[in-house]
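Visitor: I would like the atomic coordinates for the input below:
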Amino acid sequence: MKISIFGLGYVGAVTAACLARDGHEVIGVDVNPEKVDLIAKGESPIVEPGLSQLLVDGVAANLITATTDTEAAVLGSDVSLISVGTPPTERGEPDLSYVWSVCKQIGKAASHKSENHVVVLRSTVPPGTLEKCQNLIESITGNSSIHLAFNPEFLREGSAIKDYDQPPYTIIGTESPIAEAAVRQMYATVDAPFTIVKPSVAEMVKYVANCWHAAKVGFANEIGRVAKAFGVDGREVMNIIIQDTKLNISPVYMRPGFAYGGSCLPKDLSALLYYARSMDIPVPLLNALPTTNTLQVDLAAQQVLRLGVRKIAVLGLAFKPGTDDLRESPAVLLVKRLIGEGCQVKIYDQAVYEARLMGTNLAYIQNNLPHFEDLLVAEPQQALEDAEVVIVTYASPEFRQILHEAVKEKQIFDLAGVFSEPIKELNYSGIAW
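Guide: So this is what the prediction gives:
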């Protein structure tokens, strides 16, 4: 393929070198003539293991050239990658001016082409940016021969070439078959599955990935502080934690939904926070966890009350399916809040209905919902009968079946992702989808 790359910084230089190594013809484009000269001579503008040799090889094979001439680059390529910077402004907002500038240049140059041209945005941008890029370019070209995709990069400095060659997946955010085909061809030699999504989803994934990495660093550091105060090596602790790929490093607990609860997570987090306070160890990230968890219950209640209904069916009172454990269950707190707001609530939870509650489990529910037995019903239809809205607090096959058979006019508010995607024939909404 003939590929032009706009922006010869870290991502652009690495991508140019790897694409040339894989046999593509690459034209590097940058407003900085110094970067252009370095790339043209096969010299790396950055320090990155293995990059210099790839650039030397690419230039020697006549697969890498560089220029400041935007129009020549667009006219001489089939695909243009945008890898310009999006630095933060003083208030934290990403500065997209470089993206808009390149889009205008590509649009102006592409207006002289009769054949299709594919533009692949790789800069980190907020959701909705690619759509604006398309509108901007089409307003300049006056035609729809430009096809766009968003392709986030996950290159770490110091291991960028390895990351390029061994990504977990290749994400293509596009609604254009032509753009999708071009990106697939571009990465044909990279051994990774393709994930095709809407552009806004792909744009969001890049932000989430980096925020998750930041959260992991902060979490590990706070654990290290507390562990050291106990005289424990935090590195040894975390080395054991990451060996568990069934729960600790896995999809488990990593899906948007309702708040956490039960007898373990709240209790153990509370204990760790207590000891951190008692030893004067700052743990702001850990301190935020109960706050954001409570907020999820509050937001659920607000969304239900905003519907303006008062007769409510709740499917699920325990903190998760397959148990009668009500301790710290967010469903209990939600029902308590709704009753306090004057709502009439009926609850269906077969495990709780049939259980013989005792001990701390019984004490917890009696303290929060003294008359909870009066709210429980034996059959789901008893809960749904007069309900104006049905709230699902955890996902189970039984609840899915109940909702499929529910009266279509009833509103369904899903807190747990009981359906992997909305059911069109149902009046359905989710707390985060």
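Visitor: So which residues of the protein form strands?
Guide: Applying DSSP state E to the chain gives strands spanning 2-6, 25-29, 64-67, 79-82, 117-121, 146-150, 170-173, 194-197, 311-315, 344-348, 389-392, 411-414, 427-430.
Visitor: Okay, now stretch 27-35: how far is its last residue from its first?
Guide: Terminal residues of stretch 27-35 lie 13 Å apart, using CA to CA, to the nearest Å.
Visitor: tilt between the longest helix anywhere in the chain and strand 146-150?
Guide: When the chain is parsed with DSSP state H, its longest helix is helix 199-229. Helix 199-229 runs at 20 degrees relative to strand 146-150, counting by axes from the mean of the first three to the mean of the last three CA atoms, to 10 degrees.
Visitor: on that earlier part again, of all the strands of the chain, which one is nearest residue 283?
Guide: When the strands of the chain are ranked by distance to residue 283, counting by CB to CB, first place goes to strand 427-430 at 31.3 Å. Just so you know, the C-beta spots here come from the backbone N, C-alpha and C atoms, and that holds for glycine as well.
Visitor: Report the strands that pair with the closest one, each with its relative direction.
Guide: Here strand 427-430 has these sheet partners by DSSP bridges: strand 411-414 (parallel).
Visitor: Give me the buried positions along the longest helix of the chain.
Guide: 199-200, 202-206, 219, 222-224, 226-227 (16 or more other CB atoms under 10 Å).
Visitor: Let me have those residues in TSV, extended by pLDDT and distance to residue 111.
Guide: Shown next, in TSV, are the buried residues of helix 199-229 (pLDDT from 0 to 100; distance: CB to CB, whole Å):
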residue	pLDDT	distance to residue 111
199	98	23
200	97	27
202	97	27
203	96	26
204	96	31
205	95	32
206	95	30
219	94	50
222	96	54
223	96	56
224	95	56
226	95	60
227	95	61
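Visitor: so how far is the longest helix of the chain from its chain's centroid?
Guide: Here helix 199-229 is found 12 Å from its chain centre; the criterion is CA atoms, centre = their mean, to the nearest Å.
Visitor: Can you tell me how far residue 36 is from residue 13?
Guide: Distance, residue 36 to residue 13, by CB to CB, to the nearest Å: 11 Å.
Visitor: what do these two both touch?
Guide: Counting by CB atoms under 8 Å, 6 or more residues apart in numbering, the contacts common to residue 36 and residue 13 are residue 28.
Visitor: I'd like the average pLDDT over stretch 8-15.
Guide: Stretch 8-15 carries an average pLDDT of 96.
Visitor: Tell me the predicted confidence for the nearest residue to residue 249 once chain neighbours are set aside.
Guide: Nearest residue to residue 249 in three dimensions, chain neighbours excluded: residue 242, at 5.5 Å (CB to CB, 6 or more residues apart in numbering). For residue 242, the model assigns a pLDDT of 95.
Visitor: can I assume residue 242 is in contact with residue 235?
Guide: No: using CB atoms under 8 Å, residue 242 makes no contact with residue 235, being 10.8 Å away.
Visitor: ok, residue 279 touching residue 227?
Guide: No: counting by CB under 8 Å, residue 279 does not reach residue 227; the two are 11.0 Å apart.
Visitor: Identify the contacts common to the two.
Guide: Counting by CB under 8 Å, 6+ apart, nothing touches both residue 279 and residue 227.
Visitor: of residue 36 and residue 13, who's got more company?
Guide: When residue 36 and residue 13 are compared for neighbours, residue 13 comes out ahead with 27 against 20, by other CB atoms under 10 Å.
Visitor: Any figure for the gap between residue 198 and residue 100?
Guide: 21 Å.
Visitor: What is the burial count for the nearest residue to residue 189 once chain neighbours are set aside?
Guide: Distance criterion CB to CB, 6+ apart; nearest residue to residue 189, sequence neighbours excluded, is residue 22 at 4.7 Å. Look at residue 22: counted by other CB under 10 Å, it has 17 neighbours.
Visitor: Now residue 22, what are its backbone angles?
Guide: Main-chain torsions, residue 22, degrees, to the nearest 10: phi -90, psi 10.
Visitor: hang on, it packs against residue 191?
Guide: No: applying CB under 8 Å, one finds residue 22 not in contact with residue 191, separated by 11.8 Å.
Visitor: For burial, what's the neighbour tally of residue 145?
Guide: Residue 145: 16 surrounding residues under other CB under 10 Å.
Visitor: What pLDDT is listed against it?
Guide: Looking at residue 145, the pLDDT reads 90.
Visitor: Confirm for me that it is in contact with residue 119.
Guide: No: Residue 145 is beyond contact range of residue 119, at 11.0 Å (criterion: CB under 8 Å).
Visitor: hang on, the earlier thing: mind telling me which of the strands of the chain the model trusts least?
Guide: Looking at the strands of the chain, the weakest mean confidence is strand 427-430, a mean of 89.
Visitor: buried ones in it?
Guide: Those would be 428, 430, for strand 427-430 by 16+ other CB under 10 Å.
Visitor: Enumerate every residue touching residue 203.
Guide: With CB under 8 Å, 6+ apart, residue 203 has these contacts: 125, 126, 127, 128, 129, 130, 150, 152, 173.
Visitor: need those in JSON lines with neighbour count, can you?
Guide: JSON lines is the format used below for the contacts of residue 203 (neighbours: other CB atoms under 10 Å):
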{"residue": "125", "neighbour count": "22"}
{"residue": "126", "neighbour count": "15"}
{"residue": "127", "neighbour count": "18"}
{"residue": "128", "neighbour count": "12"}
{"residue": "129", "neighbour count": "22"}
{"residue": "130", "neighbour count": "27"}
{"residue": "150", "neighbour count": "31"}
{"residue": "152", "neighbour count": "22"}
{"residue": "173", "neighbour count": "28"}
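Visitor: Among these, which one sits closest to residue 428?
Guide: Nearest to residue 428 among those is residue 127, at 22.7 Å by CB to CB.
Visitor: how near is the residue nearest to the closest one when sequence neighbours are not counted to residue 212?
Guide: Nearest non-adjacent residue to residue 127, counting by CB to CB, 6+ apart: residue 200, 3.9 Å away. Distance, residue 200 to residue 212, by CB to CB: 18 Å.
Visitor: By neighbour count, which bits of stretch 25-44 are buried? Give me those.
Guide: 25-31, 35-36, 38-40, 42, 44.
Visitor: cool, and stretch 266-279?
Guide: 266, 269, 272, 273, 276.
Visitor: same question, stretch 383-401
Guide: Buried, per 16+ other CB under 10 Å, within stretch 383-401: 383-384, 387-396, 399.
Visitor: who are the neighbours in contact with the closest residue in space to residue 202 that isn't next to it in sequence?
Guide: Distances taken as CB to CB, 6+ apart place residue 173 nearest to residue 202, at 2.6 Å, with adjacent residues excluded. Taking CB under 8 Å, 6+ apart, we find residue 173 in contact with 130, 149, 150, 151, 152, 197, 198, 199, 200, 201, 202, 203.
Visitor: That concludes my questions; thank you for your assistance.
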